[in-house]
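1. what's the 3D shape of this:
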Amino acid sequence: MGYALSNLGNLPIQDEIDLYIFVVGSSWKDETYEAIETNFMELARRIGPKAVIAKGFEPEAWSSQICDRYLGKNVKTLYDVFPALLITDSHPENLTEKSMRLLISLRDAHKRFGGTAAFFEALSDFARTRNPEFLQKFETQESFGSKTWSVLELKPNFFGFGVNLKELIARAQGK
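-> So this is what the prediction gives:
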């Protein structure tokens, strides 16, 4: 099911809906934003009867409402992520601390899934089946850089930094 709304408050509460997908972004149109626009109706059809995809008539105002309500962030701090989809299991009026919130940049999804069409297919499958493999694609893996930072200590040491030997040994042992 798909909605184009003027206000987040106009989204109806339906007991059978347990997944909400919100389109967020600015009013600038690029190829990733066009991918959402072009495929919106197909996504609405394929996500099944227990999910909703919604977008706003005024993308900037809509995105501001979504980011404020679900992320507690000013939309301007997220422009580098847009266009994106926010996936949640809660209607805006039923939002709790335990509600799922996953903000997916379409550029990032394109990389993780090998294309926008593959991402939309996986998203549709997740909406119908709740297959956890979809969410696992977004788990961050520790990079070499983050591993390196965890063993460096920025204390008054020789030349301003030292090595945390306990952490280095633990990492070498796979702990």
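2. Can you give the domain ranges for the chain?
-> As assigned by automatic domain parsing, the chain contains the domains 2-136, 141-175.
3. winner for burial among the ones you listed?
-> Highest mean neighbour count among those (mean count of other CB atoms under 10 Å): domain 2-136, with a mean of 16. The C-beta positions use only the backbone N, C-alpha and C, and glycine is treated the same way.
4. returning to what we had before: can you put the domains of the chain in CSV and add mean pLDDT?
-> Output for the domains of the chain, formatted as CSV (pLDDT from 0 to 100):
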stretch, mean pLDDT
domain 2-136, 92
domain 141-175, 49
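5. For the protein, which segments are assigned as strands?
-> Using DSSP state E, the strands found in the chain span residues 2-5, 19-24, 51-56, 84-88, 101-105, 152-153, 162-163.
6. mind putting the ones you listed in a markdown table, distance to Phe40 included?
-> Listed next are the strands of the chain as a markdown table, based on distance: least, CB to CB, whole Å:
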| stretch | distance to Phe40 |
| --- | --- |
| strand 2-5 | 6 |
| strand 19-24 | 7 |
| strand 51-56 | 7 |
| strand 84-88 | 11 |
| strand 101-105 | 15 |
| strand 152-153 | 46 |
| strand 162-163 | 52 |
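7. Tell me which of those lies nearest to Phe138.
-> strand 101-105 (6.4 Å; CB to CB).
8. Make sure Met41 is actually in contact with Gly2.
-> Yes - in this structure, Met41 is within contact of Gly2 by CB atoms under 8 Å, at 6.5 Å.
9. gap between the residue nearest the centre of the chain and Pro12?
-> The structure's the chain has its C-alpha centroid closest to Leu103; by CA atoms, centre = their mean the separation is 1.7 Å. Taking CB to CB, to the nearest Å as the measure, Leu103 falls 23 Å from Pro12.
10. swap in Asn74?
-> With CB to CB as the criterion, Asn74 and Pro12 are 27 Å apart.
11. Helices along the protein, start to end?
-> Along the chain, counting by DSSP state H, helices occupy 31-46, 59-66, 106-113, 116-129, 132-136, 144-151, 165-172.
12. Sounds good, over and out.
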